[in-house]
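Student: Requesting a structural model of the entry that follows:
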Amino acid sequence: MKTFVVGDIHGAYKALKQCLRRIKFDYDNDRLICLGDIVDGWPDTPKCIEELLKIKNLVFVLGNHDIWAMNWFETGARPLIWTEQGGQATIDAYIKSPELMIKHRSFFKNTRKYFVDEGNRIYVHGGFNPEIDIDKQHIDFVTWDRTFYCLMDSKIIIKPYTEAFIGHTSTTGSSDKPFCKNKVWFMDQGAGWEGKLTMMNVETKEYCQSDKVSNLYKNIKGR
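Tutor: Model (predicted):
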C-alpha cells in the first residue's frame with residue numbers, strides 16, 4: 001500500500017480528480033490522508049466527498065472549514081466569518097443536492113484531530129505544540145495554528161515525530177510547490193484561491209499538482 005497526502009481541497013472536485021489521476025492513485029489499495037478543509041470555496045464540495053468515499057483507505061483529518069460545515073449540518077449555523085470565506089458555496093451546493101446532506105453528515109463525524117502513521121509521521125491541519133501531548137491540545141488550536149509557518153526560519157523540534165504534514169496556511173506567497181522546513185511539510189498551495197492542489201507520496205516525496213484551480217473553474221469565484 002502506498003500512502004499519499006493531499007492539501008486543502010476547498011470544494012475543487014476538478015483539481016482532486018486531476019491529482020488522483022496524475023499520481024495514478026489506486027482506490028482499492030493505496031491510502032489517502034486528507035489534511036482537512038475539503039469544503040468551502042469552489043462549488044463542488046458534495047462531489048469531492050462522493051469521490052473520497054470511493055477510496056477504501058481514507059484518512060480524514062479535520063480542518064477549521066470542515067468544523068464550520070459540520071456545525072451547519074447539525075444546527076444550521078451560518079456565521080458571517082464562514083459564509084464570506086467560501087462557506088456560501090458549500091451551502092449552495094448542498095441546497096442543489098439535499099439528498100447528500102444526511103449521507104455526508106456521517107462522513108464528517110468520521111474525522112480525526114490528527115493522524116500518526118506507521119513511520120511516526122504526524123498529519124494535522126493547522127499545527128501543534130511539540131512540547132505538549134497532542135491529545136491534550138484543543139481541536140480549535142490544531143485546526144487554526146500557524147506557528148510552524150510563522151517560525152519556519154527558526155529551528156523547530158517536532159519530536160517525537162519523524163515528519164509533520166500540514167495544510168491550512170497557503171504557501172502561494174512564497175512557493176507554488178510543496179516544501180519542507182525543519183521536517184515540516186507545507187502542503188497547501190492555494191487550491192482554495194487561485195493556486196494548485198498538491199498530492200504527495202509520503203515515502204518518496206514524489207508529488208503531482210492540479211492545474212491552477214482558477215483555470216479549472218473559470219468565471220467562478222473561489223474563496
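
Student: Contacts only, for Lys109.
Tutor: Lys109 makes contact with Met70, according to CB atoms under 8 Å, 6 or more residues apart in numbering. All C-beta atoms are positioned from the backbone trio N, CA, C, and that covers glycine.

Student: what about it, distance to Thr162?
Tutor: Going from Lys109 to Thr162 by CB to CB, to the nearest Å gives 30 Å.

Student: Please apply the same query to Thr171.
Tutor: On the measure of CB to CB, Thr171 and Thr162 end up 21 Å apart.

Student: go on, Asp66?
Tutor: Relative to Thr162, and taking CB to CB, Asp66 is found at 26 Å.

Student: who's more crowded, those two?
Tutor: The neighbour comparison of Asp66 against Thr162 (other CB atoms under 10 Å) goes to Asp66, with 24 against 13.

Student: What segments of this structure are strands?
Tutor: Using DSSP state E, the strands found in the chain span residues 3-6, 31-34, 57-60, 115-116, 121-124, 163-166, 179-181, 184-186, 198-201, 207-209.

Student: what mean pLDDT does the second one have?
Tutor: Translated: strand 31-34. Averaging pLDDT along strand 31-34 gives 98.

Student: Could you do the third one as well?
Tutor: Taken as a whole, strand 57-60 carries a mean pLDDT of 97.

Student: all helices for this structure, in order.
Tutor: For the chain, applying DSSP state H gives helices covering 13-22, 45-52, 64-75, 80-82, 88-96, 99-109, 139-144, 147-150, 213-216.

Student: name the helices or strands packed onto the second one?
Tutor: Judged by 3 or more CB pairs under 8 Å, 6 or more residues apart in numbering; DSSP states H and E, the packing partners of helix 45-52 are helix 13-22, helix 88-96, helix 99-109.

Student: Just the C-alphas of the first one, formatted as CSV.
Tutor: C-alpha atoms of helix 13-22 as CSV (Å, rounded to 0.1, in the frame of the first residue of the first chain):
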residue,chain,number,x,y,z
TYR,A,13,-13.5,18.5,-7.4
LYS,A,14,-11.9,19.0,-10.8
ALA,A,15,-8.5,19.5,-9.1
LEU,A,16,-9.0,16.5,-6.9
LYS,A,17,-9.7,14.3,-9.9
GLN,A,18,-6.7,15.6,-11.8
CYS,A,19,-4.4,14.8,-8.9
LEU,A,20,-5.8,11.3,-8.3
ARG,A,21,-5.3,10.6,-12.0
ARG,A,22,-1.9,12.1,-12.4
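
Student: Which positions within it qualify as buried?
Tutor: Tyr13, Lys14, Ala15, Leu16, Lys17, Gln18, Cys19, Leu20 (16 or more other CB atoms under 10 Å).

Student: for the last one, same thing?
Tutor: Within helix 99-109, the residues that qualify as buried by neighbour count (16+ other CB under 10 Å) are Leu100, His104, Phe107, Phe108.

Student: Tell me, how many residues neighbour the nearest residue to the last one once chain neighbours are set aside?
Tutor: If I follow you right, that is Phe108. Distance criterion CB to CB, 6 or more residues apart in numbering; nearest residue to Phe108, sequence neighbours excluded, is Met70 at 4.7 Å. Met70 has 19 neighbouring residues, counting by other CB under 10 Å.
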